[in-house]
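**Q** This is a predicted model, with the sequence first.
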Amino acid sequence: MFFFRDVIGHDTLKSSLIRSVNTGQIAHAQLFSGIEGTGKFAMAMAYARYIHCTNRGATDACGECPSCQQYNALSHADLHFVFPMVRNKDKKKIHCDDYLASWSEFITTHPYFGIDEWLQAINAENKQAIIYADESDEIWRKMSLKSFSSPYKIMIIWLPERMNIECANKVLKLLEEPYPNTIFLLVSNTPDLLLPTIRSRVQQITMPALPLDTIAQALQQQYNITDIDARAVAHLSEGSYLKACNNLSLNEENQTFFDLFVQLMRLAYARRVKELKAWSEDTAELGRERLRRFLSYAHRMIRENYIYNLSQPSLNYMTSNEAQFSTRFAPFINERNVQEISRLLNSAESDIGQNANAKIVLFDLSVKLILLLKN
């Protein structure tokens, strides 16, 4: 589990990371960034394992030394994790160690995962997961300790963009004045949301979207499906292996998002303000995390409909239902309104993430769409 050989694609990056270890040029803070589902966390874990391995091979960790055995059990004393959590009402303080058993079981069974899968695993319902200020003291404590069985202490921070501002500022101090032989591996989907000062203190490693052929081949190996089916699913994945796996069986949520998007666009085009208000109130009941996913879905659909007008099927990434709807809807998305609609959707998603009133945000979005769709 979590070897370089388990990470799909990115062979050039693997070679670069291995070379950094063998030449002793390991940056004390590194940021793995890219879209969700490209293997960033798996790569960071494989890198950490290789650093700690005491019998490294030319292309991967040995898998047999005491360090690798501890990695197999996720019990290495010099490996630490920080990740988003949800706080129960009866708890004033919460740390990642409180979730460590659930986290270990989760990453063992989900080598490729996103925030949605993690929230489902911990039964977060519609609560928003963040890295609380309390965690910063634990980060300082753990990284100040002497290493136990390795020259390096490694801390992997998954989704650092979800750090509370107080936590982020304390982590910044550690990045500026690190303890000896400490390594921070940050794994981010949206590095632009990090403090600029944090981004300036890390070595940035961008993991690009995976090629269609790479995803299709991995799907065939893991799910034993035909090449035609694998390529069709990969085509819709937008370079994310996680999305490709999810697309193998489009779930109820995807259908819900499609229905909500169609309803929103039809009501906005027909200028049915009263029904748009009702739509906003009903949709707000999804909860913040699902609302953010819906708005991200809507943004993708706007982009796909704009591209649809180019009459280049190879550039589109839509299901059959989405493509059928686009035959009628795409003409209304053009160079006069696509940028503004995209900006509104991004802004709405950001506002929801910052605890704005969901009903007001959605109604404001829907009313502005009325004018833009007529443009």
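**A** Alright, I've got the coordinates.

**Q** Residues contacting whichever strand or helix holds residue 264, please?
**A** In the assignment (DSSP states H and E), residue 264 maps to helix 252-269. Helix 252-269 has contacts (CB atoms under 8 Å, 6 or more residues apart in numbering) with 275-276, 279, 283, 290, 293-294, 297-298, 301, 319, 321-322, 325, 329, 332, 366, 369-370, 373-374. In this view, the C-beta of every residue, glycine as well, is placed from N, C-alpha and C.

**Q** Equivalent analysis for stretch 279-296, please.
**A** Counting by CB under 8 Å, 6+ apart, 115-116, 119, 124-129, 253, 257, 260-261, 263-264, 267, 345, 348-349, 352-353, 355, 358-359, 362-363, 366 sit against stretch 279-296.

**Q** Can you point out the buried residues in that stretch?
**A** Across stretch 279-296, burial judged by 16 or more other CB atoms under 10 Å covers 279-280, 283-284, 286-295.

**Q** show me where the stretch 51-200 of the chain has helices.
**A** Per DSSP state H, counting those that start in this stretch, the stretch 51-200 of the chain carries helices over the ranges 66-72, 100-109, 115-121, 134-144, 165-176, 196-199.

**Q** Can you list the buried residues in the first one?
**A** Within helix 66-72, the residues that qualify as buried by neighbour count (16+ other CB under 10 Å) are 67, 68, 70, 71.

**Q** what packs against that helix?
**A** Helix 66-72 sits against helix 40-52, with contacts defined as 3 or more CB pairs under 8 Å, 6 or more residues apart in numbering; DSSP states H and E.

**Q** Give me the angle between the helix it packs on and helix 100-109.
**A** 100 degrees (axes from the mean of the first three to the mean of the last three CA atoms, to 10 degrees).

**Q** who touches residue 150 in this structure?
**A** 51, 52, 67, 76, 78.

**Q** Of the helices of the stretch 51-200 of the chain, which is nearest residue 159?
**A** Set against residue 159 and scored by CB to CB, the helices of the stretch 51-200 of the chain come closest in helix 115-121, at 6.6 Å.

**Q** Only alpha carbons, please: show that closest one as PDB.
**A** Taking C-alpha atoms only, helix 115-121 is exported to PDB below (Å, rounded to 0.1, in the frame of the first residue of the first chain):
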ATOM      1  CA  ILE A 115     -13.300  15.300   0.700                       C
ATOM      2  CA  ASP A 116     -16.700  13.800  -0.100                       C
ATOM      3  CA  GLU A 117     -15.600  10.200   0.500                       C
ATOM      4  CA  TRP A 118     -13.900  11.300   3.800                       C
ATOM      5  CA  LEU A 119     -17.000  13.200   5.100                       C
ATOM      6  CA  GLN A 120     -19.100  10.100   4.300                       C
ATOM      7  CA  ALA A 121     -16.700   7.800   6.100                       C
END
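
**Q** Could I get the full set of strands for the stretch 201-350 of the chain?
**A** In the stretch 201-350 of the chain, the segments counted as strands under DSSP state E, counting those that start in this stretch are 203-206.

**Q** where does it have low pLDDT?
**A** Low-confidence segments of the stretch 201-350 of the chain, defined by pLDDT under 70: 249-252.

**Q** quick one: low-confidence ranges for the stretch 1-150 of the chain?
**A** For the stretch 1-150 of the chain, the ranges with pLDDT under 70 are 90-91.

**Q** What is the neighbour count of residue 56?
**A** 19 (other CB atoms under 10 Å).

**Q** I'd assumed residue 63 was in contact with it.
**A** No: the criterion here is CB atoms under 8 Å, and residue 56 misses it with residue 63 at 10.6 Å.

**Q** And stretch 66-79, end to end?
**A** Across stretch 66-79, the terminal residues are separated by 14 Å (CA to CA, to the nearest Å).

**Q** I meant to write stretch 87-96 there.
**A** OK, stretch 87-96 end separation, CA to CA: 11 Å.
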